[in-house]
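1. Build me a model:
(chains A, B and C)
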Amino acid sequence: MPTALITLLTDFGGRDPFVAAMKGVILSIRPKATIVDLTHEIPPHGICEAAFTLKSVYRYFPKGTIHVVVVDPGVGGSRRPLLAVNRRGRFIAPDNGVLSYIYRDEPSTQVYQLNAQKYRLKTYSPTFDGRDLFAPAAAWLSKSIAPEKIGRRVTDYIRFPIPEARRLKKGRLEGQVIHIDRFGNLITNITRMDIEPWLSAGKMPAITIKGRTIKGLKPFYSQAAPGKLSALINNDDHLEIFCYRSSAQLILKNSNDEPVTISWEP
Amino acid sequence: MPTALITLLTDFGGRDPFVAAMKGVILSIRPKATIVDLTHEIPPHGICEAAFTLKSVYRYFPKGTIHVVVVDPGVGGSRRPLLAVNRRGRFIAPDNGVLSYIYRDEPSTQVYQLNAQKYRLKTYSPTFDGRDLFAPAAAWLSKSIAPEKIGRRVTDYIRFPIPEARRLKKGRLEGQVIHIDRFGNLITNITRMDIEPWLSAGKMPAITIKGRTIKGLKPFYSQAAPGKLSALINNDDHLEIFCYRSSAQLILKNSNDEPVTISWEP
Amino acid sequence: MPTALITLLTDFGGRDPFVAAMKGVILSIRPKATIVDLTHEIPPHGICEAAFTLKSVYRYFPKGTIHVVVVDPGVGGSRRPLLAVNRRGRFIAPDNGVLSYIYRDEPSTQVYQLNAQKYRLKTYSPTFDGRDLFAPAAAWLSKSIAPEKIGRRVTDYIRFPIPEARRLKKGRLEGQVIHIDRFGNLITNITRMDIEPWLSAGKMPAITIKGRTIKGLKPFYSQAAPGKLSALINNDDHLEIFCYRSSAQLILKNSNDEPVTISWEP
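-> Coordinates of the predicted model:
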């Protein structure tokens, strides 16, 4: 039987034993599974945050890894449980848009509606599909079951519009902060691909956020002057605003969703 | 040798390396053990909270799983280290009542006093039995040792009184909030069993908390109107007060230990 | 192939998927690795805190364990990636002093500069060596590679001065609080070794912190009167100031780095 690597991404936090219950269920079905926590600190019901988190990390796992995403405000209702399969991995999640980046970035993705009855625990409760449906489905899937046995193909799954940077005149770009990390770095939705043509042409970006302008990009954090608002292309190919030895978030305050624009200087 | 599945439930939090030290000790004795964290965010010395957490999750683990509970304000003193064994699993914990729900819910439970000398690390310190006694005991136990070899049977272990709902006249019930989860849901000590007879008889519950009354039960969260105080029987068979797309805790404030009553309408 | 036990110690916190990305990389190279989190709650860029955390826990892991430390404000710059090897284990970390206690406590330690090119992921980004260099290096190392193949010996690695207690006249000692744990216990840099001679001679310590004096040592927490400021030698052989059933930190406030002195009474 193949190695079973299963990751968990939820909004369950660390105080309650919700995540542990899911692990108990998985290990009851597949005792030798390796389970990795992506994070459980997604804000409650933060579907967009979970989608972005998954997007930034799934490429680093072995092919065939089973990623289970449980951010599921509609639990128990009519939203369908899905399995998405592509060349990178398998993704089990509620049909609420949390796989939107996967659908966009992996064109080979095929989506199935999980046969919920088959995978439910006998002691099913309609308020905890993470434990009673998604966890057992992941464990059974790890036993080399063909996707067709799991449910029927669907194409009408939910995708939310991914907030992408807008291209304005003269190469100007308008994006926004979409994530703030633990170090107070502001990650924007402006990507390396968005700005590559101007960089290659030798232009220098002028990045404006909250009335402050940052000129140029640094290759890495310690190249910037300590305490000075700076920018770089981060390890996930997004434009990131940072402050070496301090925190851009501390300096700019309340910067979630904040607009960020780039213009170009010769 | 059997699979070794060991869970850890402590009040050690995530900043200090206490949990990691326990894992290092376990893996030194049993390198192939699978270790699962139940949670380490039990409030410091929160014996009741740990007991309730353990109760809500142990059933989801494979039979024979070794659950190690270290919420242990009396560490180093005369409180005994215990091993409780039943058809569901094995439980290693200090004798301070933290296994009270296990004793109540699993009548097959037999309790042993761990032979502390035998299982202690050589470098024993009287301030960290989690690392120096409970972790090695769990690892050694995972190697198919018979319980009789572990210590002597005891029957005078500590049980604390579990706060159960009181039955009043005309089917009225009086309980209390015993846990608030990450989503701000208020979990009460009123259980499905407490109210089943009236529900089966077609009565509608009127649930009162802090002067507010909730009529009827929802089958799951998204069946309730957003923002409205509502109730359901949760995935652990407890009456739970929630607020869809918001937080009952936010609305009701300071609701820990808050009294909750149920009366019945035709 | 030997068992691969790899620990991770970072300042990445739990919300972002940085740790998960490292685990994905490790498991891509060594699918059967066992990965243990030491902690990820080191304060951002807290090199000293990480060094102390590592010091207090590495001895409890099996020999040969690979400890990966990523507290790395200089990521991407000229600071070197190191591998330190001794009879206890292997340590992968940036050359910024985070292994200072290891160098001091394990004289057999030999230090190599990791051949960074060889171990980097192909998709290398200069802002996340944890994922793109340290994680793959750990995974490859777990496959029995000889240290000489990894890089060249270096002796000019960075050590920071470890804050040790100062010996004054008449056996007086002056130290400081170097860590506060989850229970509000104040861990000082005064060690068992520092005070052993006077204890053996039957002297009683008088410990002063913030104008308050504690007389004598307790063997363990519950030996102290509840609510009273007390002291003991903790499980890591450090003098620790505590308050049974309360928190020394709550009572003494802002006590990080606070000076602590010991004098002796007959």
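
2. Do you have the helices of chain A handy? List them.
-> A:18-29, A:47-57, A:100-105, A:116-119, A:129, A:135-141, A:192-200, A:248-252 (DSSP state H).

3. so what's residue A:142 up against?
-> Neighbour list for residue A:142: A:2, A:4, A:6, A:30, A:33, A:66 [criterion: Cβ atoms under 8 Å, 6 or more residues apart in numbering or on different chains]. Bear in mind the C-beta positions are built from the backbone N, C-alpha and C, glycine included.

4. Skipping adjacent residues, who's closest to it in space?
-> residue A:4 (3.5 Å; Cβ to Cβ, 6 or more residues apart in numbering or on different chains).

5. before we move on, the earlier item: between the helices of chain A, which one is nearest to residue A:265?
-> The closest of these to residue A:265 is helix A:192-200. By Cβ to Cβ, the value is 10.0 Å.

6. Now the closest residue to chain C within chain A. Its backbone dihedrals?
-> The nearest approach of chain A to chain C comes at residue A:220, 2.7 Å away (Cβ to the nearest Cβ). Torsion angles at residue A:220 (phi, psi; degrees, to the nearest 10) stand at phi -160, psi 170.

7. any idea how far residue C:25 is from it?
-> Here residue A:220 is placed at a distance of 19 Å from residue C:25 (Cβ to Cβ, to the nearest Å).

8. burial of the residue of the stretch 51-200 of chain A found nearest chain B, as a residue count?
-> Residue of the stretch 51-200 of chain A nearest chain B, by Cβ to the nearest Cβ: residue A:76 (2.7 Å). If you count neighbours by other Cβ atoms under 10 Å in any protein chain shown, residue A:76 ends up with 19.

9. contacting residues around it?
-> A:126-127, A:129, B:219-223.

10. Buried members of these into PyMOL, please.
-> Only the buried entries of these go into this PyMOL selection, using 16 or more other Cβ atoms under 10 Å in any protein chain shown:
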select buried, (chain A and resi 126+127+129) or (chain B and resi 220+221+222)
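
11. Nearest to residue B:157, out of the helices of chain A?
-> Among the helices of chain A, the nearest to residue B:157 by Cβ to Cβ is helix A:18-29 (24.5 Å).

12. and the closest residue in space to residue A:13 that isn't next to it in sequence, backbone torsions?
-> The shortest distance from residue A:13 to any non-neighbouring residue, by Cβ to Cβ, 6+ apart, is to residue B:182 (3.9 Å). Backbone geometry at residue B:182, expressed as degrees, to the nearest 10, gives phi -60, psi -30.

13. For chain A, what lies in contact range of chain C?
-> A:3, A:5, A:7, A:14, A:34, A:36-41, A:53, A:56-58, A:60-62, A:65, A:181-184, A:219-223, A:232, A:234-235, A:244-245, A:247 (Cβ under 8 Å from any Cβ of the partner chain).

14. Out of those, which end up buried?
-> If you count burial by 16+ other Cβ under 10 Å, the buried members of the residues of chain A next to chain C come out as A:5, A:7, A:14, A:34, A:36-41, A:53, A:56-58, A:60-61, A:65, A:181-184, A:220-222, A:232, A:234-235, A:244, A:247.

15. could you list every residue that touches residue A:232?
-> Contact partners of residue A:232, counting by Cβ under 8 Å, 6+ apart, are A:217-221, A:239-240, A:242, C:127.

16. swap that for residue A:12, sorry
-> A:18-19, A:40, A:70, A:130, B:182 are the contacts of residue A:12 under Cβ under 8 Å, 6+ apart.

17. could I get these as a markdown table with distance to residue B:265 and pLDDT?
-> As requested, the contacts of residue A:12 are exported to a markdown table (distance: Cβ to Cβ, whole Å; pLDDT from 0 to 100):
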| residue | distance to residue B:265 | pLDDT |
| --- | --- | --- |
| A:18 | 33 | 98 |
| A:19 | 38 | 98 |
| A:40 | 40 | 98 |
| A:70 | 36 | 98 |
| A:130 | 34 | 97 |
| B:182 | 32 | 95 |
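
18. can you put those residues in CSV and add distance to residue B:171?
-> Shown next, in CSV, are the contacts of residue A:12 (distance: Cβ to Cβ, whole Å):
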residue, distance to residue B:171
A:18, 32
A:19, 37
A:40, 40
A:70, 37
A:130, 34
B:182, 33
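
19. what about the residue nearest to residue A:43 when sequence neighbours are not counted, distance to residue C:17?
-> Take residue A:43 and drop its neighbours on the chain: the residue closest to it by Cβ to Cβ, 6+ apart is residue A:49, 6.0 Å away. Distance of residue A:49 to residue C:17, given as Cβ to Cβ: 11 Å.

20. Neighbour count for these two, which is higher?
-> residue C:17 (28 against 19).

21. Distance-wise, check the more buried one relative to residue A:60.
-> In terms of Cβ to Cβ, residue C:17 sits 9 Å off from residue A:60.

22. next one: residue A:150
-> 25 Å.
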